[in-house]
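[1] model the following, please.
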Amino acid sequence: SFFGFGGVASAMIFANMGAAYGTAKSGVGIASLGTLKPELVMKNIIPVVMAGVLGIYGLIVAVILTQNVAKSEYSHYDGFAHLTAGLCCGLSGLAAGFAIGIVGDAGVRAVGQEPNLFVGLILILIFAEALGLYGLIVALILSQSSQACTNS
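    Prediction:
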């Protein structure tokens with residue numbers, strides 16, 4: 001169960017690190033935009049929301065893994081599968097958070113100068129968020145993987 005709980009911690013820690021970085025980095029860009037064009041702040045809050053969703057992905061995987069680790073018969077295979085699931089979700093969320101933060105920061109500043117870039121910014125953010133979603137999907141598949149190990 002050590003490795004299973006390692007997966008729980010990995011999902012939460014790395015996904016929330018990505019969410020925090022994405023929120024902070026794009027928040028700096030929004031604050032900069034707000035000094036020049038305060039009417040655009042609420043329209044450009046989307047990168048912060050998308051970064052926050054990454055933390056929710058980590059929470060979902062951590063809750064599912066915690067429920068699976070509590071089983072009475074927990075094999076080494078289950079532990080490694082759950083560690084891998086947590087790492088898939090967490091590190092994908094971290095990478096997506098970096099992408100959302102960097103794109104969000106530069107993007108909202110650019111939208112402040114040229115409003116026609118807004119649709120392009122949203123499309124880039126969607127593809128960055130998809131990286132975290134891919135990690136969530138793989139983690140959910142891995143979390144359902146189970147096999148009894150035998151001594152042979």
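[2] OK, contacts around L140?
    V61, I64, A85 (Cβ atoms under 8 Å, 6 or more residues apart in numbering). All C-beta spots, glycine's among them, are computed from the backbone N, C-alpha and C.
[3] out of those, the closest to L121 would be?
    Within the contacts of L140, the smallest distance to L121 is 28.0 Å, found for V61 (Cβ to Cβ).
[4] isn't that closest one up against G86?
    Yes. Contact criterion Cβ atoms under 8 Å: V61 and G86 qualify, at 6.4 Å.
[5] who touches both of these two?
    Joint contacts of V61 and G86 (Cβ under 8 Å, 6+ apart) are A11, A139.
[6] ok, of the contacts of L140, which one's closest to Q113?
    If you rank those by distance to Q113 using Cβ to Cβ, V61 comes first, at 38.6 Å.
[7] what about L59, how many neighbours?
    15 (other Cβ atoms under 10 Å).
[8] could you give the mean pLDDT of the host helix or strand of it?
    For L59, the element it lies in under DSSP states H and E is helix 46-69. Across helix 46-69, pLDDT averages out at 95.
[9] what packs against that helix?
    Applying 3 or more Cβ pairs under 8 Å, 6 or more residues apart in numbering; DSSP states H and E, one finds that helix 46-69 contacts helix 2-36, helix 76-113, helix 118-143.
[10] tell me the most buried of those?
    The highest average neighbour count among the helices and strands packed on helix 46-69, using mean count of other Cβ atoms under 10 Å, belongs to helix 76-113 at a mean of 23.
[11] for stretch 48-63, buried residues please.
    V48, M50, A51, G52, V53, L54, G55, Y57, G58, I60, V61, A62 (16 or more other Cβ atoms under 10 Å).
[12] quick check: mean pLDDT of stretch 20-29?
    On average, stretch 20-29 scores 97.
[13] can you tell me what sits against it?
    Stretch 20-29 has contacts (Cβ under 8 Å, 6+ apart) with 47-48, 50-52, 54-55, 94, 96-109.
[14] for stretch 65-73, same thing?
    Contacts to stretch 65-73, defined as Cβ under 8 Å, 6+ apart, come from residues 1, 4-5, 7-8, 11, 78, 82, 85-86, 143, 146, 148.
[15] where's the dip in pLDDT among those residues?
    Across these, the smallest pLDDT goes to A148, namely 69.
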